[in-house]
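Enquirer: the amino acid sequence is not available; the structure is as follows:
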């Protein structure tokens with residue numbers, strides 16, 4: 001028997017059970033403290049700005065020394081108000097950076113929510129049709145035993161879980177599949193797809209001896225691939241008969257035909273193949289003032305982010321469950337709801353990708369630093385006449401304040417990195433993994449003692 005004791009108004013709960021006593025404390029986002037935070041260096045912005053602040057301090061000391069030697073280097077007080085716009089720029093800069101930080105946390109949290117809902121719906125709604133179900137015999141492919149179906153459900157749930165890890169690595173620019181957190185949850189079939197090792201069984205793309213098969217990314221009906229030969233100096237198209245022959249190989253029909261500029265293969269991600277304005281376009285209808293894209297003629301060199309591959313496999317898994325009759329209890333509406341969750345996961349990944357791939361313009365950051373530096377180097381000459389050597393610590397404090405704000409903004413504008421102030425994506429993913437494992441190990445599946453069939457036609 002378990003007993004629970006709560007200590008007054010505190011957040012501490014003591015649970016006494018057969019396995020002993022456990023103290024549960026409500027986790028706080030942050031313990032409030034003032035003096036310890038004032039004296040703390042670890043986790044602060046001080047290490048980041050100590051060099052620039054010391055530079056300003058040394059400069060102010062030099063200005064005070066020159067003043068003490070009787071050289072008048074003072075400036076009028078009207079100069080400082082002219083540069084007071086620096087404070088407004090810093091406020092805008094800090095607000096913009098925190099908006100990016102907050103958006104990154106909000107998007108990752110929404111993605112985690114979609115994964116939680118998707119795994120729960122799969123665990124509960126995917127089930128074998130009961131023996132007395134009206135749909136018995138309607139789906140001959142529904143021949144899996146409960147244990148076999150459970151394994152397929154667990155594999156699909158692992159796919160949804162590994163999506164979070166894949167997004168984390170994708171946002172950080174960490175390529176490859178050799179990461180420890182993929183262990184045990186990334187299926188080998190998905191890894192092969194991510195490496196581009198899938199070859200369509202119904203097509204033969206081996207156009208030359210020793211050439212590996214590849215996946216078709218044809219923009220139109222027929223996939224084309226240029227044979228070895230010379231490349232046109234303007235279009236870059238390889239032709240069997242040399243430059244200007246206008247002949248390419250139709251792989252699907254197995255014969256040569258006239259080259260068609262619309263039969264292209266998608267360009268490899270992250271490579272700029274845009275033609276410069278003014279050059280001849282390969283498409284006759286495109287004028288010289290517009291730009292065209294030279295699509296990659298080698299599909300083996302194409303790539304796509306791992307989360308896209310995982311989402312593709314999730315959609316295929318749901319399709320197979322629906323096709324084989326394991327999602328009939330929820331009907332088309334339930335299937336659409338789960339597909340919407342996968343779409344939401346991709347939407348949130350795209351939102352985070354926008355934050356990661358759209359930094360604050362470098363010119364803005366440079367100009368802000370230049371304005372702050374100009375203000376701080378002018379300030380000693382304004383204060384030295386009235387304060388003398390006493391202006392050195394004042395200038396140091398002002399430099400610490402302004403440079404600290406800029407340092408914080410620069411640190412949090414990219415929230416998906418590995419800095420101490422960045423979002424703890426590892427903890428978010430590990431918490432999600434623990435929740436999913438608890439569901440699989442401790443919570444019952446759907447369909448136990450339940451029955452029913454929805455043919456999408458309403459009540460009969």
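Expert: Yep, it's here. These numbers were taken from a predicted model, which means no experiment stands behind them.
Enquirer: for residue 444, which three-state class applies?
Expert: Of the three states, residue 444 takes coil according to DSSP: H, G, I helix; E, B strand; the rest coil.
Enquirer: now it, what are its backbone angles?
Expert: For residue 444, the backbone dihedrals are phi -70, psi 160 (criterion: degrees, to the nearest 10).
Enquirer: who does the helix or strand harbouring residue 368 touch, helix- and strand-wise?
Expert: Here residue 368, judged by DSSP states H and E, is contained in helix 362-387. Other helices and strands packing on helix 362-387, by 3 or more CB pairs under 8 Å, 6 or more residues apart in numbering; DSSP states H and E, are helix 46-68, helix 79-82, helix 85-125, helix 391-412. Backbone N, C-alpha and C define where each C-beta goes, glycine included.
Enquirer: could you check the angle that helix makes with helix 391-412?
Expert: 160 degrees (axes from the mean of the first three to the mean of the last three CA atoms, to 10 degrees).
Enquirer: and residue 175, that's in a strand?
Expert: No. Per three-state DSSP, residue 175 lies outside any strand segment and is coil.
Enquirer: what about it, neighbour count?
Expert: Neighbours of residue 175 under the rule other CB atoms under 10 Å: 12.
Enquirer: what of residue 129?
Expert: Neighbour number of residue 129 under other CB under 10 Å is 22.
Enquirer: doesn't it fall inside a helix?
Expert: No. Note on residue 129: no helix contains this position according to three-state DSSP, which reports coil.
Enquirer: surely it touches residue 325?
Expert: Yes. Residue 129 lies in contact with residue 325 (CB atoms under 8 Å); the separation is 5.9 Å.
Enquirer: list the buried residues for the helix holding residue 368?
Expert: For helix 362-387, burial by neighbour count (16 or more other CB atoms under 10 Å) applies to 365, 368, 371-373, 375-377, 379-384, 387.
Enquirer: now residue 410: how far from residue 180?
Expert: Using CB to CB, to the nearest Å, residue 410 is found at 30 Å from residue 180.
Enquirer: could you find the closest non-adjacent residue to residue 94?
Expert: Take residue 94 and drop its neighbours on the chain: the residue closest to it by CB to CB, 6 or more residues apart in numbering is residue 409, 4.6 Å away.
Enquirer: for the one you found, grab the count of nearby residues.
Expert: The tally of other residues near residue 409 (other CB under 10 Å) stands at 24.
Enquirer: let me see the contact set for it.
Expert: Residue 409 makes contacts with 90, 93-94, 96-98, as judged by CB atoms under 8 Å, 6 or more residues apart in numbering.
Enquirer: looking at those, which one is closest to residue 194?
Expert: residue 97 (33.1 Å; CB to CB).
Enquirer: any chance of the contacts of residue 409 in TSV, plus pLDDT, distance to residue 124 and neighbour count?
Expert: Formatted as TSV, the contacts of residue 409 follow (pLDDT from 0 to 100; distance: CB to CB, whole Å; neighbours: other CB atoms under 10 Å):
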residue	pLDDT	distance to residue 124	neighbour count
90	87	51	20
93	86	48	21
94	87	45	17
96	88	43	14
97	90	41	21
98	91	39	15
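Enquirer: would you turn the residues you listed into CSV with distance to residue 355?
Expert: Formatted as CSV, the contacts of residue 409 follow (distance: CB to CB, whole Å):
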residue, distance to residue 355
90, 21
93, 16
94, 16
96, 11
97, 11
98, 12
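Enquirer: which among those gets closest to residue 344?
Expert: So of the contacts of residue 409, ranked by how close each gets to residue 344 (CB to CB), first place is residue 98, at 24.7 Å.
Enquirer: which residues touch the closest one?
Expert: 409, 412.
Enquirer: now it: how far from residue 38?
Expert: 22 Å.
Enquirer: what bits of this protein have low per-residue confidence?
Expert: When residues are selected by pLDDT under 70, those of the chain lie in 1-32, 79-80, 82-84, 130-142, 197-301, 447-460.
Enquirer: can you rerun that using 50?
Expert: Confidence mapping of the chain against pLDDT under 50 gives the ranges 1-11, 13, 24, 204-281, 284-290, 292, 449, 451-454, 459-460.
Enquirer: buried set for the helix or strand where residue 435 lies?
Expert: Using DSSP H and E, residue 435 sits in helix 425-442. Neighbour-count burial for helix 425-442, with 16+ other CB under 10 Å as criterion, is recorded at 425, 428-429, 432-433, 435-436, 439-440.
Enquirer: need these in a markdown table with distance to residue 146, can you?
Expert: As requested, the buried residues of helix 425-442 are exported to a markdown table (distance: CB to CB, whole Å):
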| residue | distance to residue 146 |
| --- | --- |
| 425 | 36 |
| 428 | 33 |
| 429 | 30 |
| 432 | 26 |
| 433 | 25 |
| 435 | 24 |
| 436 | 20 |
| 439 | 17 |
| 440 | 14 |
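Enquirer: what is the nearest of those to residue 56?
Expert: Lowest distance from residue 56 to the buried residues of helix 425-442 (CB to CB) belongs to residue 425, with 35.6 Å.
Enquirer: what about residue 440, distance to residue 148?
Expert: Taking CB to CB, one finds residue 440 at 16 Å from residue 148.
Enquirer: try residue 338
Expert: 21 Å.
Enquirer: among these two, which residue is more densely surrounded?
Expert: The neighbour comparison of residue 338 against residue 148 (other CB under 10 Å) goes to residue 338, with 23 against 11.
Enquirer: which SS class is the more buried one?
Expert: Classified using three-state DSSP, residue 338 is helix.
Enquirer: that one against residue 318, yeah?
Expert: Yes. Under the criterion of CB under 8 Å, residue 338 makes contact with residue 318 at 5.6 Å.
Enquirer: okay, now residue 77: neighbour count?
Expert: Neighbours of residue 77 under the rule other CB under 10 Å: 11.
Enquirer: likewise residue 43?
Expert: 10.
Enquirer: who are the contact partners of it?
Expert: Residue 43 neighbours (CB under 8 Å, 6+ apart): 420-421.
Enquirer: circling back to that earlier point, more neighbours: which of residue 410 and residue 180?
Expert: For residue 410 and residue 180, the more surrounded residue by other CB under 10 Å is residue 410, and the numbers stand at 19 against 7.
Enquirer: for residue 113, see how far away the more buried one is.
Expert: From residue 410 to residue 113 the distance is 30 Å (CB to CB).
Enquirer: ok, residue 323 - how many residues close by?
Expert: Here the number of neighbours of residue 323 (other CB under 10 Å) works out to 12.
Enquirer: how near is it to residue 121?
Expert: 17 Å.
Enquirer: swap in residue 442?
Expert: 18 Å.
Enquirer: next one: residue 111
Expert: Going from residue 111 to residue 121 by CB to CB gives 16 Å.
Enquirer: more neighbours: which of the two?
Expert: Just comparing residue 111 and residue 121: by other CB under 10 Å the higher neighbour count belongs to residue 111, 24 against 19.
Enquirer: enumerate every residue touching the residue lying closest to the more buried one once chain neighbours are set aside.
Expert: What sits nearest to residue 111 in space, not counting adjacent residues and going by CB to CB, 6+ apart, is residue 348, at 3.9 Å. With contact set as CB under 8 Å, 6+ apart, residue 348 has these partners: 107-108, 110-111, 114.
Enquirer: host element of residue 348?
Expert: For residue 348, the host element (DSSP H and E) is helix 331-357.
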